[in-house]
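Visitor: pasting a predicted model and its sequence here:
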Amino acid sequence: MPVPSPAPRGERGLLPQPRPAGDDAVRPMPPPRPVTRVYADGSALSRYLVGAPCRDHWLAWAAEHESQLVTTPLGLTELRRVAQPRGVEATGVAHDVGERVEVIRFSDQTLRAATKVSGVLRPFVALHIGAALAHPDVGAVATYDVELAQVSALHGLTVVSPGWPSSWWEREG
């Protein structure tokens, strides 16, 4: 029985570099997605509440773009968590926002995308980015969370934070 010949060796007798796996391949940054829908996390939705930082800026922006907003049950839960200790009026605002903003479900694609960033993000933040990336019409993320803003920008999503300076997340962290 013939003995197979050894694999070809590169310089100095070393094996050649292996081909990178699909997820390991260095890819250029994706081009920005067209902004037809905007995913809003709880930090953005909480700007509807009286006394929230940048509320006036958020309300002015939302007056023009609210029909583009989508969120998840997680985003609404975060909004309600902030509203509850502020009393009945804030709880009512949170309820109204939940009625006006489209709520999307967590899909298998959402969880798959979230898993890919879960090593660098807190679990709930990973779910937000997963939902934004999985929705085919989302081209922007409305957030005031530095980690979510940074990862959104890395994935080619536009970051919307009315009242905060452009590219604020690059100076944070």
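Guide: On my side now, so go ahead. Numbers count the residues shown, from 1 in each chain.

Visitor: low-confidence bits of this structure, can you list those?
Guide: For the chain, the stretches with pLDDT under 70 are 1-35, 172-173.

Visitor: ok, now with 90
Guide: Within the chain, the segments meeting pLDDT under 90 span 1-36, 104-127, 130, 133-137, 154-155, 167, 170-173.

Visitor: and the residue nearest the centre of it?
Guide: Ile129 (2.7 Å; C-alpha atoms, centre = their mean).

Visitor: list the residues that contact that residue.
Guide: Counting by C-beta atoms under 8 Å, 6 or more residues apart in numbering, Ile129 touches 113-114, 117, 121, 141, 148, 151-152, 155. Using the backbone N, CA and C atoms, a C-beta is placed for each residue, glycine as well.

Visitor: helix or strand: which one has it?
Guide: helix 123-134 (DSSP states H and E).

Visitor: how about that helix as PDB, C-alpha atoms only?
Guide: What follows is helix 123-134, C-alpha atoms only, in PDB (Å, rounded to 0.1, in the frame of the first residue of the first chain):
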ATOM      1  CA  PRO A 123     -27.100  40.500  26.200                       C
ATOM      2  CA  PHE A 124     -29.900  43.000  25.900                       C
ATOM      3  CA  VAL A 125     -27.900  45.400  23.800                       C
ATOM      4  CA  ALA A 126     -27.000  42.400  21.500                       C
ATOM      5  CA  LEU A 127     -30.700  41.700  21.100                       C
ATOM      6  CA  HIS A 128     -31.200  45.300  20.000                       C
ATOM      7  CA  ILE A 129     -28.500  45.200  17.400                       C
ATOM      8  CA  GLY A 130     -29.800  41.700  16.300                       C
ATOM      9  CA  ALA A 131     -33.200  43.100  15.700                       C
ATOM     10  CA  ALA A 132     -31.900  46.100  13.800                       C
ATOM     11  CA  LEU A 133     -29.600  44.000  11.600                       C
ATOM     12  CA  ALA A 134     -32.300  41.300  10.900                       C
END
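
Visitor: which stretches in the protein count as strands?
Guide: 37-40, 69-71, 102-103, 138-142, 158-160 (DSSP state E).

Visitor: buried deepest among those, which one?
Guide: strand 37-40 (a mean of 27; mean count of other C-beta atoms under 10 Å).

Visitor: can you list the strands that that one pairs with?
Guide: Paired strands of strand 37-40, with direction, are strand 69-71 (parallel), strand 138-142 (parallel) (DSSP bridges).

Visitor: tell me which of the ones you listed approaches Glu89 most closely.
Guide: Among those, strand 69-71 comes nearest to Glu89, with 21.0 Å by C-beta to C-beta.

Visitor: now do that closest one: distance to the chain's middle.
Guide: 12 Å (C-alpha atoms, centre = their mean, to the nearest Å).
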